[in-house]
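*Asks:* When you get a sec, could you give me coordinates for this:
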Amino acid sequence: MDNFWLCVSGIRILAYRLCCKCCTKEEPPRPQYPILVLGHEGCGKTTLLSIFNGEELTAPPAPTVGFSIKSLVFPRVILVAKEIGGSGEQKSYWNRYLKDIATLVYVIDCATPADQRTAAILTLIALLDNASLANIPLLVLANKQDLPGAISETELLKELRDKITRDVLVAPCVGTSRESVQAAFAPLVRQYFTPLDSS
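*Replies:* Residues are numbered from 1 along each chain as shown. Got it, this is the predicted structure:
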């Protein structure tokens, strides 16, 4: 008799597992897209990518040497961000990484003096001469909006429009605020990755 009830219990457990397996619909894997994040040294690339992922920074991060990779996870898509250091020597290697990317994200420190901001824009213009970037989205993050003297994204867009003829998304960004960084990426995801992600 004990064996009978043991068999009944086993059948119930098996039936329960089969039911759960059939009734639980697994979500399809999120597509992943490689993006490149560039900008002059000190513009805040490492900080904003870390903050996006909820990392706590107790001190400003050291300048990136070489490159780092972080995944930016959205509800239905993942952007795999490769950030390359922005020092003078490292900028000479940027062109090597422009192929096979879905988006270029360029970060500009909007609180920096006008001459340094102009230098950052001229660097971007030189990059855009590369044929690999002809048909991919360009997102410019107008970073450090929280600092005194920072120009707005509207002012930055005007400076860009005076020098760049192609389509460009410009988004305001406070690199130390996760909410701000996520909002800065939202237009890119909404415009270029819809209907994969409508958030």
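
*Asks:* Using CSV, write down the CA coordinates of the strand or helix carrying Pro34.
*Replies:* Per DSSP states H and E, Pro34 falls inside strand 32-38. Extracted in CSV, the C-alpha atoms of strand 32-38 (Å, rounded to 0.1, in the frame of the first residue of the first chain):
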residue,chain,number,x,y,z
GLN,A,32,22.1,42.5,-28.8
TYR,A,33,23.6,45.4,-30.8
PRO,A,34,27.2,46.6,-30.6
ILE,A,35,27.6,50.4,-30.0
LEU,A,36,30.7,52.5,-29.8
VAL,A,37,31.1,55.2,-27.1
LEU,A,38,33.7,57.9,-27.8
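
*Asks:* what distance separates that strand from the centre of its chain?
*Replies:* 7 Å (Cα atoms, centre = their mean, to the nearest Å).

*Asks:* Which stretches in the chain count as strands?
*Replies:* 32-38, 67-73, 78-84, 103-109, 138-143, 169-172 (DSSP state E).

*Asks:* Pipe these into TSV and attach distance to Thr154 per row.
*Replies:* In short, each C-beta sits where N, CA and C put it, glycine included. Formatted as TSV, the strands of the chain follow (distance: least, Cβ to Cβ, whole Å):
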stretch	distance to Thr154
strand 32-38	22
strand 67-73	25
strand 78-84	25
strand 103-109	14
strand 138-143	9
strand 169-172	8
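
*Asks:* What is the strand holding Pro34 packed up against?
*Replies:* helix 45-52, strand 78-84, strand 103-109 (3 or more Cβ pairs under 8 Å, 6 or more residues apart in numbering; DSSP states H and E).

*Asks:* can you do 6 Å?
*Replies:* Secondary-structure packing of strand 32-38 (3 or more Cβ pairs under 6 Å, 6 or more residues apart in numbering; DSSP states H and E): strand 78-84, strand 103-109.

*Asks:* Many thanks, we can stop here.
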